[in-house]
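Colleague: got a predicted structure here, sequence first:
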There are 2 protein chains.
Amino acid sequence: MGFLDALSPRAIVASVLVLSSLAYDVAARPSPEPKADWVRKGPARKKMSNHIKRAIEGQSDTRRTEEVPCADVLAKPITAPKPNIWGQLTGEEISSVVDWLFAQEQFNLTVTEEAGPWDNTIQLVEAMWPNKTDALAFIDGDAPAPTKYAHVLLNNRATENPFYADILVGPLPLDNTTVSWEPLTFPYNKPSGDGKVRNLDADEDIVYEEWIWKISASVTDITLDLWNGTALGLENDTLDIWGIDPLWQDDGRIIRWDGFWALSGDVFDAETLLPLGLYFVSDITGRDPSKWSLEGWLYNGTFYATTEEFREAYWSSFFKKNGPNVPGAWSATDHNGDVPPLDYNHPPTIVAPAGARYGVDHEQKYVEWMDFSFYIGFNRDTGMTLYDIRYKGQRILYELGLQEALAHYAGNDPLNSGIAYLDTFYGFGPYAFELVQGYDCPTHATYLNSSFYVSETTHTHINSICLFEFISDFPIQRHTTNRYTSVTKNTYFVVRFVSTVGNYDYSFSYSFFLDGTISVEVRASGYIQSAYFAGNEEYGYRIHDNLSGSMHDHVLNFKADFDILGTNNSVELVTMAPTTVTYPWSKGKARNTMHLERSFVESEDEGRFNWAPNQATQVIVVNEDVRNKHGEFRGYRVLPSTGTVHLTVLNSSNLANAGRWAEYDIQITKYKDTEPKAAHPYNSQDVHDPPIDFSKFFDGDSLRKEDLVLWLNLGMHHLPHTGDLPNTVMTTAHAGVHFMPSNYFEGDESRKTVNQVRINYSDGKTSEVQTFGQKTKAEDYNGTCKLVFEPVKADLWGYTGDIVVRKFPYDPNNPWFQTGSIV
Amino acid sequence: MGFLDALSPRAIVASVLVLSSLAYDVAARPSPEPKADWVRKGPARKKMSNHIKRAIEGQSDTRRTEEVPCADVLAKPITAPKPNIWGQLTGEEISSVVDWLFAQEQFNLTVTEEAGPWDNTIQLVEAMWPNKTDALAFIDGDAPAPTKYAHVLLNNRATENPFYADILVGPLPLDNTTVSWEPLTFPYNKPSGDGKVRNLDADEDIVYEEWIWKISASVTDITLDLWNGTALGLENDTLDIWGIDPLWQDDGRIIRWDGFWALSGDVFDAETLLPLGLYFVSDITGRDPSKWSLEGWLYNGTFYATTEEFREAYWSSFFKKNGPNVPGAWSATDHNGDVPPLDYNHPPTIVAPAGARYGVDHEQKYVEWMDFSFYIGFNRDTGMTLYDIRYKGQRILYELGLQEALAHYAGNDPLNSGIAYLDTFYGFGPYAFELVQGYDCPTHATYLNSSFYVSETTHTHINSICLFEFISDFPIQRHTTNRYTSVTKNTYFVVRFVSTVGNYDYSFSYSFFLDGTISVEVRASGYIQSAYFAGNEEYGYRIHDNLSGSMHDHVLNFKADFDILGTNNSVELVTMAPTTVTYPWSKGKARNTMHLERSFVESEDEGRFNWAPNQATQVIVVNEDVRNKHGEFRGYRVLPSTGTVHLTVLNSSNLANAGRWAEYDIQITKYKDTEPKAAHPYNSQDVHDPPIDFSKFFDGDSLRKEDLVLWLNLGMHHLPHTGDLPNTVMTTAHAGVHFMPSNYFEGDESRKTVNQVRINYSDGKTSEVQTFGQKTKAEDYNGTCKLVFEPVKADLWGYTGDIVVRKFPYDPNNPWFQTGSIV
């Protein structure tokens, strides 16, 4: 079968019918819709090309030169040693691919704004990631840059069996004589091997228009009585309806459970705090709504097989009605309550008095801080990824980035029980919004833009990645004696993006430290998704009037492709274990003590495991062929910090094979070009037979002296309590891991910084204050660049939103602004 | 038997003999000597009463008023609601107690400076902690303050069986008609019940003068040949000798293993990096050196029963000699290596532009920040402890502080195998040195002094506790939608002290967050104690020429005496567990999901346990009698952050019963006035029968609706690698725990801060920037107090060291400065 099925006459009719009412919405959102209602509202568009150009070209740094007279305040402009081969496609490249695709009759494509549910559309055009084998030949050798291809995702809905197809188009730049396409299959391990996955979402709009709203309309007597509201798909609806994700996919049927939610009514995005406790189940197998069936209702733990049965029970005298969840100050994030003493005063703030101490190649998204360097990549599915992370020119990690984020709920109701969001379905790239200067990152940070493709446009999120230096509240080193004190500042460097996938805001930070340590941190805020309280005691605390804080697991998988002094690496396990030993000197007595037990992870058969009890076992990526001069393997240790958890649920009914990566804390594979990613964004569309079943990666390959990839899970078992209202707080919703040198350097690398002091004293007097040439006074800067302690001013009125550029037809000179939304 | 044995004639002779050579040293150090050599060197003294008075009275804040014109920069002066009943004794009180003690013939006391090893001396005079039962009546009710007593420790060495005696003297202020003393026995559970513990350290000086140096002198041929050095107890020694702690105490014998170390020779305190690999064992049972015996030598894994045997082997042709460890740049903490790009420039720094936003009652050491308040206590054994920690006036913790810190080593040599430091033996108070402004804490911090008693003097460590507000590099809350973004700054408050117990610097930080969370953090830096490399492969990495990074466990016990809405508390365990359930709505299908399992820790029989695998179980201190309005127990959750470990060694031969508190992660007891502390500082003196055997606390008391104490272990399995040279870095040598509200408040308390922003937008324009009345501009401060972004200047030349005041005879007007040292 080719890419296209013939359009059935019914399909064409349906398509036209739907178009008139839905065209705007379709155009306004990417077809995987996140769970929050606001994404369904079409954003307004306004042409503002005047002030846009500056924002696109200038990055935020241009703003700063106007305010601070010293050029050093800006990140030092540097030139990447090689072009960024993990970068995004240019506007011209995307446009040429889109043009070419529309010109190929075989694809039978329709422009998204004009497409109905029975039309084929372009879902995504972005850069195809290079294979590591090709990339290394380029970045480490003299080989040319890997040939560039566009990764295209086609949403083929002009068929009874709609599907997504990953294809490659190229090489880029397109040349009519060489351009071709092929299915993208090698990174996926679905047995069909054709780069396709079914699309359960093809009729999402019809499901709402032809099914959900009509069912809701059939019970307005009840919704009005219970909540004085209706959900009819109208602008003035006060209720909303949505349900499980993934859909039930057992026994060849596609089943959805939906529930009623109150719309928040005010500016606040509190809908996920407002469940109403009424659910219904539909069998929506196939594309013919006439064959869909409503299979029943659930309220207060009682299942009713038909609407009639439900209505009869409802209006009977013995029916127990529960209250609604009503928004209010409790669900609003604004200031609320008595202002604590002195809180109106300006709190402590971080300033960079000598300006940026790092270099950025804005064009190549290449960064240098102290002895570290790395490239930044960005894509739709997972947002920002770091590549070729080096220290003093020696690579430590080839790739470090998010793979997938799971939020797996449980509950006594089918909605919470049935939800296990795999968030790359929605994508982290499209939701990586502009960062708020002085709040999300310091005002002195350097901000970079990121962009993503949707509906024949590219959207640019301005200032959505930040880079900054910070200082911790504690030193990195200190020692005091009766003769001297030595202390060193703990200055570190952070690169961050935040992605708000519907209700939750995930903050991803990669930090670099003076001792050579790298950390990965995830923090969560935003609105929890809650459950209706009735009967949910076993699945959550009751946290408000009729509300249960629905228990859920967050598990986030990170790929850490270490290259320790080359690609031939091993993972050594070093355990501190109790033992009883009789020593030559112990007078024949057995002594209870401890010792080291050292071993290697031999093969992928041993490659999936959890952190040891009592943190007894160190996991260290080493190069067995490179010992330091004392004979120890040079390596980097993977040191769990906090929140290194795996999924509680065993063999989840929701996920089946779609989230096998969540099953262990640490998973190690031999690198293969065919296993570049732990998850496919559309794994949720076919959970029993997903494009990528991660567990299949473990097929017995040796892990000794091989190119290794560590797939590490961070996360949190989240049992929301009242303190999660209105939003979860990042102080405790936190997971992290450190990669720390282990016998990698000759000594502590932080000794190289001059930002330390040694104070000598004797006889009750300080005799020396040694600051190693630090430039701490304005005079030290030769008058060319003074220390400026005033913080860089953040203009929060400049929080302008997305810049959108049409790609088909390509119209680069008429970009427009669009605020806040992904679309 | 009373407190005093008759002085034997021999004892008197010995005392006089030793006095002439040792008096200076004895006066210059507290008798529990820490392991680092520098403490043995007597510090110089210099009278500097001129500039001292200012330092004692003014605290560091006076310095700041001179520099910044706005009075608000200082911590707001406040008055504690009640006097601090956990504070230290006044100089007058201490002096009166010392006077009284010397006047009591029965104690037969000698002034420390004049005392020999057969004299009784006063080891410690400090405030006796009040019993909680008495304290609560005062702080929560109308009862008078608990009667004040002095806790005195007598070092009774005028006896064949020297011992320490804890006694109480009082009530204070002393009144000749009412003053009395009694043995302090109730907090200890040693069967003898007399408040005494033997002193294995009584002859420490004689052991060196009459034993160690003489043995070393007997092998100078060998030490000169091996290392071109000698250890003879002379000023020009290039070698040092010290050994195990605790001493071996089996079978009624007292055995010590000692090893040779190189002195570092330069300013740096690197001796613990310079082991030389030669060890000898002595039986020093009893006080008569003529009955002590040298029991053998160990070198390179071979044991020699006599010096002759060792010498014969050494000078034979087949003896294998290993190299020394030699100090150098690798063991120096100074700047070393190529300065990274831009590192000379001033790094980012934190400033407090509106001054301090907290209040301090300097005299009572009472602190208020936002809605938190607490008192600071300080004592010799454990340094700083926080008391009566409240939020909006409601107590959360009665007491929060360190109990004991264990550093348990292992090795193939008897020295490392035999060391399990219990650091309160040395004391955290005496080693809580002055903090370096701008390095240990921000320059804008408020600094407090602490003091301790030694040898009839009180020493004051200036600026040894710091209090400051900081801002993290991430917000506490954020959420973005297509209509608005809301973000809140994560400002937090820290109180910190750092104690350098010999080679290691422990930094203790208690932090307070806007959401009501409290954290406890320990970080370690300083010099590791290492091992000689020969044959030590099973116990450490080889990290330098002839050096092994000796594996060791740090376990630090903290007492967290929670009072959640009163003292009748329970500990609820809430586990997220996998389960398989068939629901009324699941069409008869069993679903693999998860649920909550809730239970209580019923009694002390269940009171000792570890963190669950996969962090599955929440540990929450709740008040079962106080449900919130949704029916949930109000409580605080104990949330492990990182480094929550217990001791690897099972039933340690070194510790026997002296460190039972280190055996589990979490240990919960019913509060008893008789169980105020997990450890006695002299537990190491009698490990089989220590003053406090923590395991005896667990005697079956109910833990439901009782006053509960949680004894929590933080720590680190430390396997030093090259990155620990010269010093361990605090980035990864870190342990912490959070206490977070769990259904304690109605919602997130951080909503009360105005330091948040909501930005509204639509149509590509920002329509509102709501900052809730924050005073961000100079004009907001009415001209009386401008925002000052210049950091407070730290005068590092003012790092002046201890202030010492003689207490016997009391001489408060002639204090002197003494730098850096504990003494």
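Modeller: Ah, there it is. Residues are numbered from 1 along each chain as shown, chains lettered A, B, ... in the order given.

Colleague: only C-alpha atoms from now on, for both contacts and neighbour counts.
Modeller: Noted.

Colleague: buried ones in stretch A:361-370?
Modeller: Within stretch A:361-370, the residues that qualify as buried are A:361-362, A:364-370, counting by 16 or more other Cα atoms under 10 Å in any protein chain shown.

Colleague: kindly report the same for stretch A:120-127.
Modeller: Residues A:120-127 are the ones in stretch A:120-127 that count as buried (16+ other Cα under 10 Å).

Colleague: ok, and what's touching it?
Modeller: A:30-31, A:86-89, A:94, A:97-98, A:107-112, A:115, A:148-158, A:379, A:452-456 (Cα atoms under 8 Å, 6 or more residues apart in numbering or on different chains).

Colleague: for the closest residue to residue A:130 other than its chain neighbours, helix, strand, or coil?
Modeller: In this structure, residue A:130 finds its nearest non-sequential neighbour in residue A:146, 6.4 Å apart by Cα to Cα, 6 or more residues apart in numbering or on different chains. For residue A:146, the secondary-structure state derived from DSSP: H, G, I helix; E, B strand; the rest coil is coil.

Colleague: let me see the contact set for residue A:146.
Modeller: Remark: with contacts taken as Cα under 8 Å, 6+ apart, residue A:146 is in contact with A:85, A:130, A:134-135, A:138.

Colleague: go on, residue A:496?
Modeller: Contacts for residue A:496 (Cα under 8 Å, 6+ apart) come out as A:465-467, A:507-510.

Colleague: again, but for residue A:306
Modeller: Per Cα under 8 Å, 6+ apart, neighbours of residue A:306: A:294-297.

Colleague: taking those residues one by one, which sit in strands?
Modeller: Among the contacts of residue A:306, the ones falling in strands (DSSP state E) are A:294-297.

Colleague: check whether residue A:453 really touches residue A:429, as I assumed.
Modeller: No - using Cα atoms under 8 Å, residue A:453 is not in contact with residue A:429, being 9.5 Å away.

Colleague: okay, and the common contacts of the two?
Modeller: Common neighbours of residue A:453 and residue A:429 (criterion: Cα under 8 Å, 6+ apart): residue A:380.

Colleague: sorry, back to before: for the contacts of residue A:306, give me CSV that also has neighbour count and pLDDT.
Modeller: Shown next, in CSV, are the contacts of residue A:306 (neighbours: other Cα atoms under 10 Å in any protein chain shown; pLDDT from 0 to 100):
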residue, neighbour count, pLDDT
A:294, 19, 98
A:295, 16, 98
A:296, 19, 98
A:297, 25, 98
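
Colleague: turn these into TSV, columns for distance to residue B:807.
Modeller: Output for these, formatted as TSV (distance: Cα to Cα, whole Å):
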residue	distance to residue B:807
A:294	89
A:295	88
A:296	86
A:297	83
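
Colleague: filter these down to the ones near chain B?
Modeller: Of the entries in the contacts of residue A:306, none also sits close to chain B under the rule Cα under 8 Å from any Cα of the partner chain.

Colleague: quick one: the strands in the stretch 551-700 of chain A?
Modeller: Counting by DSSP state E, counting those that start in this stretch, one finds strands in the stretch 551-700 of chain A at the ranges A:552-562, A:570-582, A:590-600, A:608-609, A:617-627, A:633-642, A:666-670.

Colleague: what is the longest one packed up against?
Modeller: In terms of contacts (3 or more Cα pairs under 8 Å, 6 or more residues apart in numbering or on different chains; DSSP states H and E), strand A:570-582 is packed against strand A:590-600, strand A:617-627.

Colleague: which of those strands sits closest to residue A:460?
Modeller: Taking Cα to Cα as the criterion, strand A:617-627 is the member of the helices and strands packed on strand A:570-582 that comes nearest to residue A:460, at 37.4 Å.

Colleague: find the nearest non-adjacent residue to residue A:746, please.
Modeller: What sits nearest to residue A:746 in space, not counting adjacent residues and going by Cα to Cα, 6+ apart, is residue B:722, at 5.7 Å.

Colleague: oops, could you answer that again for residue A:472 instead?
Modeller: Nearest-residue entry for residue A:472: residue A:490, 5.8 Å, with adjacent residues in sequence omitted and distances by Cα to Cα, 6+ apart.

Colleague: what's the spacing between that neighbour and residue A:475?
Modeller: Residue A:490 sits 5 Å away from residue A:475, going by Cα to Cα, to the nearest Å.

Colleague: neighbour-wise, which of those two wins?
Modeller: Shown here are residue A:490 and residue A:475; by other Cα atoms under 10 Å in any protein chain shown, residue A:490 has more neighbours (26 against 23).

Colleague: any figure for the gap between the more buried one and residue B:294?
Modeller: With distances taken as Cα to Cα, residue A:490 is found 48 Å from residue B:294.

Colleague: now do residue A:797
Modeller: Per Cα to Cα, residue A:797 is found 81 Å from residue B:294.

Colleague: list the buried residues for stretch A:90-98?
Modeller: Residues of stretch A:90-98 classed as buried by neighbour count (16+ other Cα under 10 Å): A:91, A:93-98.

Colleague: closest one of the residues you listed to residue B:176?
Modeller: Residue B:176 lies nearest to residue A:91 out of those, by Cα to Cα, at 92.4 Å.

Colleague: so the closest one touches residue A:808, yeah?
Modeller: No - Residue A:91 is not in contact with residue A:808 according to Cα under 8 Å; the separation is 10.7 Å.

Colleague: low-scoring stretches of chain A, by residue?
Modeller: Segments of chain A classed as low confidence (criterion: pLDDT under 70) are A:1-73, A:782-785, A:800-801, A:818-823.

Colleague: recalculate using a threshold of 90.
Modeller: A:1-74, A:176, A:264-267, A:341, A:454-459, A:482, A:643, A:762-765, A:775-823 (pLDDT under 90).

Colleague: show me how the record splits it into domains.
Modeller: Per the record's domain assignment (automatic domain parsing), chain A is made up of the domains A:9-196+A:798-818, A:204-331, A:380-431+A:502-752.

Colleague: thought residue A:726 was touching residue B:747?
Modeller: Yes - Residue A:726 is within contact range of residue B:747, at 6.9 Å (criterion: Cα under 8 Å).

Colleague: what's the overlap in contacts for the two?
Modeller: By the contact definition Cα under 8 Å, 6+ apart, residue A:726 and residue B:747 are jointly contacted by residue A:330.

Colleague: okay, the two: which has more neighbours?
Modeller: For residue A:726 versus residue B:747, the count of surrounding residues by other Cα under 10 Å is larger for residue A:726: 27 against 21.
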